[in-house]
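Visitor: Mind looking at a prediction? Sequence and model below.
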Amino acid sequence: MIRVLASRWQGSVLVCGKCSKKLDGGFGEKGRTPLVKLLRQALGVKKGRKADRGVVEVKCLGVCPKNAVVMVDGARPDRWMLVPAGADVAEVVANLTVYAAT
């Protein structure tokens, strides 16, 4: 039997965990914070299905760029983003907003 759970998510972002692990964080002031954590803070996302959005770290997306993290906006799965280490999180969030609006 398949159960269906309701979620309040308006959108989701998938972040490659393997890329994040290779960078040992790679973001934030000291370059040690993972992109997932900074995105959750910047978007004000809480964990779980009762949040309004979801930022999920997945195992591996299979692209494996050097010195970058692969990210997929659930609203635009046709466009995958390569976020270089040390990138400004505000710029990353702005790109997510643009992709979600178009």
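Guide: That came in fine, so what should we check first?

Visitor: Sketch out the low-pLDDT regions of this structure for me.
Guide: Along the chain, the model assigns pLDDT under 70 to residues 97-102.

Visitor: So which residues of it form helices?
Guide: Secondary structure of the chain, counting by DSSP state H: helices at 17-23, 35-43, 89-101.

Visitor: Give me the buried stretch members for the second one, please.
Guide: In this case it means helix 35-43. 35-40, 43 (16 or more other CB atoms under 10 Å). In short, each C-beta sits where N, CA and C put it, glycine included.

Visitor: which secondary structure elements does that helix contact?
Guide: Judged by 3 or more CB pairs under 8 Å, 6 or more residues apart in numbering; DSSP states H and E, the packing partners of helix 35-43 are strand 11-16, helix 17-23, strand 53-58, helix 89-101.

Visitor: I'd like those laid out as CSV, including distance to Val72.
Guide: Output for the helices and strands packed on helix 35-43, formatted as CSV (distance: least, CB to CB, whole Å):
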stretch, distance to Val72
strand 11-16, 4
helix 17-23, 12
strand 53-58, 9
helix 89-101, 10
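
Visitor: quick one, which of these is packed in tightest?
Guide: strand 11-16 (a mean of 21; mean count of other CB atoms under 10 Å).

Visitor: Residues contacting that strand, please?
Guide: 35-36, 39, 53-58, 60-61, 63, 69-75, 96, 100 (CB atoms under 8 Å, 6 or more residues apart in numbering).

Visitor: let's see it at 6 Å
Guide: When contacts are defined by CB atoms under 6 Å, 6 or more residues apart in numbering, strand 11-16 is touched by residues 35-36, 53-58, 61, 69-75, 100.

Visitor: Then stretch 31-45?
Guide: 15, 20, 25, 27, 51, 53, 55, 57, 69, 89, 93.
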